Structure formats: C-alpha cells, structure tokens
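Enquirer: Kindly generate the corresponding structure for this input.
(one chain, ligands or ions: 1)
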Amino acid sequence: MNIKGYYIDLEKAVKIINKNDYKNIVLQVTEGLKHIFKDFVDFFEIKTKANIFISADPCFGACDIPSFFCENTDIDLIIQIGHLPIPEFSESSIPIMFLNAFSDADVSKVVEKALPSIKGKKIGVLTTAQHIHKIDDVKNILFKNNFEPVICKGDKRIDSPGQILGCNFSAATKIVDDVDMYLFIGSGTFHPLGLLLSTKKPVISCDPYTDEVKFKELEDFKDMILRQRYGAIARSKDAKVFGIVVCSKSGQYRFNEVEKIKKLIESKNKKSYILIANFFLSSFLESFRDIDCFVSLGCPRVAIDDYMQYEKPIITPIELEIVLDVKKWDDYKFDEIIN
Ligand code: SF4
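Expert: Numbering: from 1, shown residues only. Model prediction:
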C-alpha cells in the first residue's frame, strides 16, 4: 500500500491474519505516522475480521513492544508499522510483525548535491529504515564519481547493511578505520549527532525530503551537545544519591549492568536506588526528590536529547564513570545499546 509517500506492505499482514484466523491484533504505529492511524485500521477492518487494538503509547523504535499487555490477554499478533525489526529480541511468545515504511523520496538529487563537500575517497554510507532500500542508489552514485562506498552490517541489534539506530551505530563503528568520512541519508539531526559522537569522524547528512546537505551545522550541533554533557557531568559531581533507571521495554533492557553501576556508586560512598520505568517522566523529579542525579539505562537518547526538559541531571552509564572519576572527560563515549 502506498500511503503519504511511503510503501508499507499491509497486504502481507492481511494474509497472515486471514490464514491464521487471528481475532485480536495490536497495532503499533511509529510516531511520525500515527496521525494516519485510521488509514491502517480501516484497511485491516475491510480486509480481515480481526479486532484492532491501537497502541496509544508513544512508539519511537522497534525496541518498544507492548509484550506484557499482549502476553496477558488474547492478542494473536502484534503489528508494528514504521520500523525494521531488532533481530536480537524479535522472538516473543506472541508473533510480532514489523512492517517498515519505505519512503518514496528520491535520494539521488541530494547525494549529487553533496558530492563537492565530500572529502576523502572511502565513504561509509549509512541510513535509517525509511531509506534502506535506496542504499544501492547512493552506492552507485558514489562509484560513478570515483569514491569508494563502504557499507557494513552492524551487530545483532541491526537488521540491514548500512542501517543505524539512535542507540546503535555499529554499522559505522565497525568500519571506522576503513573510511575517511560518513555520508548519512535521512532527515533531522538525531542520527547524524549519534554518528558524530560515536565515531568521532566527519559526517555529511543528506536529507531526501528537503534536499538539504549539512556538514558544518552538524559539527556545531555536536559541540553544543558536548558542552551540555560536560555541564551535566559537572552538575552531578556533588550528587550524593543516585537513581539508576532501568527501562522495562524489552528492547531497552540493560538489566545486567545494574549491579555493576550500583557497586561503583557505593564504592564512592554514595547511595543509589534502582527504579524501573517504561518511560522517564518529568514527574520522577518530584516523586523521587531525594535523588540528586539519575543514571539512565533505558534509551541512551533520553539523557542526551531530552536534557533541557529536566532540572536534575540525567546521565548515561559512561558519564557516571566520569562523574565518579573512574574515567576522564577525554574518554567520553556515546552511550549505545550494542550486542
Ligand atoms: S532504544 Fe531509543 S534509539 Fe534505540 S531503537 Fe529504542 S527508541 Fe530508538
């Protein structure tokens, strides 16, 4: 089905639902497409006899499956629209179907526009799920212009070669010593920022929706974020009580790091409490007012991208090590969920 500039294989889901005579379906739609949820539901209601339960909670990634609800009800299938799967945890007692939204935006124009800004010969090519099917087009343009594109598949959290997530840049870090810079295809600063912080190499971003090429602005943005992180670390130095926030979403689950973090905090004669949450909410600051600093073990982007929303510092596990003088600022690394 082509819908608002995306190809989404809803028919694939219809076949599975009808073949298995599924009665109850949970439909999760990524935030960017949630406003057209009716189109999806209407389609399934016409083509199947299933009841469609729409997940109203925010859905920012394939890490976030409402498995607890589904495992305790008569849900037959979970359909998540807008993401590629995270293969390492896509197995569950309830079948999950990921239907990616493949953008029909042309990538060639913006990549051609970026060519004069590319420095070096070997170029790592990276993108998100929406443009993953266009990665060969980018590769061919680079070849034709005498560059050597390098495309690598990341770790077990990654579905396709060249794909990155906001929490996983392994497709880039695996080739960091083999490339001169990276070309990112996609919109916004969310992914290029992570790419810059994770690889510490230059990134040019090509936005196929606006045909904008960004380089210098990304560097400036990265520098601003690093200043914020330096500030968050400095503000956490006097903290006496830490809240270790463990996310209950199955794909953000870093339970095995909790004990190490707790021991580290206590080895510095400071106190820590372990909190479990599905989302980090601003109300935590009031509810847990005795906590001076939160260490986020959920989505690594909560600490980085939502910094301005909270009065108290939220830091990543790597930043905690700098706060506690186990590591130096020069050792700063972007927090990722890698496998
Ligand atoms: S953990 Fe965060 S960045 Fe990673 S997939 Fe989930 S929402 Fe996206």
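Enquirer: Need the phi and psi values for Val241.
Expert: Here is the backbone geometry of Val241 (degrees, to the nearest 10): phi -120, psi 130.
Enquirer: Could you check how far it is from Cys152?
Expert: With distances taken as Cβ to Cβ, to the nearest Å, Val241 is found 42 Å from Cys152. Every residue, glycine included, has its C-beta placed from N, CA and C.
Enquirer: Those two: which is more packed in?
Expert: Per other Cβ atoms under 10 Å, whichever of Val241 and Cys152 has more neighbours is Cys152, with 19 against 14.
Enquirer: secondary structure class for Ile52?
Expert: strand (DSSP: H, G, I helix; E, B strand; the rest coil).
Enquirer: Report the contact partners of it.
Expert: By Cβ atoms under 8 Å, 6 or more residues apart in numbering, the residues touching Ile52 are 25, 27, 41, 44-45.
Enquirer: need the contact list for the residue in the stretch 201-339 of the chain positioned nearest to the ligand.
Expert: Residue nearest to the ligand within the stretch 201-339 of the chain (Cβ to the nearest ligand atom): Cys299, separated by 3.2 Å. By Cβ under 8 Å, 6+ apart, the residues touching Cys299 are 60-61, 63, 166-167, 247, 249, 252.
Enquirer: Please apply the same query to Lys121.
Expert: Contacts here follow Cβ under 8 Å, 6+ apart; on that basis Lys121 touches 146-148, 180.
Enquirer: that older thread, pull out the buried members of the contacts of Ile52.
Expert: 25, 27, 41, 44 (16 or more other Cβ atoms under 10 Å).
Enquirer: tell me which element the first one falls in.
Expert: Assessed by DSSP states H and E, Ile25 sits inside strand 24-29.
Enquirer: now check that strand, is it near the ligand?
Expert: No. Interface with the ligand: strand 24-29 contributes nothing (Cβ under 6 Å from any ligand atom), its closest point being 12.5 Å away.
Enquirer: tell me the phi and psi of the residue of the stretch 201-339 of the chain closest to the ligand?
Expert: When read as degrees, to the nearest 10, the backbone of Cys299 gives phi -60, psi 120.
Enquirer: Quick check: the gap between it and Asp211.
Expert: For Cys299 relative to Asp211 (Cβ to Cβ), the value is 30 Å.
Enquirer: Please apply the same query to Gly124.
Expert: 21 Å.
Enquirer: Tell me which of those two has more neighbours.
Expert: Gly124 (26 against 16).
Enquirer: Check the offset of the host helix or strand of the more buried one from the chain's centre.
Expert: Here Gly124 is covered by strand 122-127, with elements defined by DSSP H and E. For strand 122-127, the separation from the chain centroid amounts to 18 Å (computed by Cα atoms, centre = their mean, to the nearest Å).
Enquirer: Many thanks, have a good one.
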